[in-house]
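Novice: Output the structure for:
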Amino acid sequence: MTTAELNAEFFRQMSYIADDENSMKKVLEFVKNLVLQKTVVKTPILSEGEVPYMTKAEILSDFSEACQDIKLAREGKLQGRPLEDLLNEL
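Specialist: This next block holds a predicted model:
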């Protein structure tokens, strides 16, 4: 699965629990811990002029695609996977 596909799947799954405050808090805490681990362990040192992993255009494109997937899921035109499956992949 590509990064773009993973991003889309992540946002698709998030759309299923977006109205559940308790679940959203759990996911947020989990993601914060992942970010902290990545920041501490895997932060690359970029040379001057070196491009970071994703450009702003790539991030916005992925976000736009994820929003479209959320819209399709809400309309019942797209079936997602349970959030637990996605988190277990991480």
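
Novice: Tally up the residues packed near residue 75, please.
Specialist: Neighbour count for residue 75, taken as other C-beta atoms under 10 Å: 8. The way it works is simple: take the backbone N, C-alpha and C, and place the C-beta from them, glycine included.

Novice: Just the buried residues of the helix or strand harbouring residue 65, please?
Specialist: Assigning secondary structure by DSSP states H and E places residue 65 in helix 56-74. Along helix 56-74, these residues count as buried under the neighbour rule (16 or more other C-beta atoms under 10 Å): 62, 66, 69, 70, 73.

Novice: Poorly predicted segments of this protein, please.
Specialist: 38-47, 50-52 (pLDDT under 70).

Novice: show me where it has helices.
Specialist: Along the chain, the stretches classed as helices by DSSP state H are 3-17, 21-42, 56-74, 83-89.

Novice: Make CSV from those helices and add distance to residue 48 to it.
Specialist: Converted to CSV, these look like this (distance: least, C-beta to C-beta, whole Å):
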stretch, distance to residue 48
helix 3-17, 25
helix 21-42, 21
helix 56-74, 19
helix 83-89, 35
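
Novice: quick one: which of those helices is nearest residue 49?
Specialist: Nearest to residue 49 among the helices of the chain is helix 56-74 (16.3 Å), distances taken as C-beta to C-beta.

Novice: for the closest one, the distance to its chain's centre please.
Specialist: 10 Å (C-alpha atoms, centre = their mean, to the nearest Å).

Novice: which non-adjacent residue is nearest residue 7?
Specialist: residue 62 (4.4 Å; C-beta to C-beta, 6 or more residues apart in numbering).

Novice: wait, the one you found sits on residue 4?
Specialist: Yes - counting by C-beta atoms under 8 Å, residue 62 does reach residue 4; the two are 5.4 Å apart.
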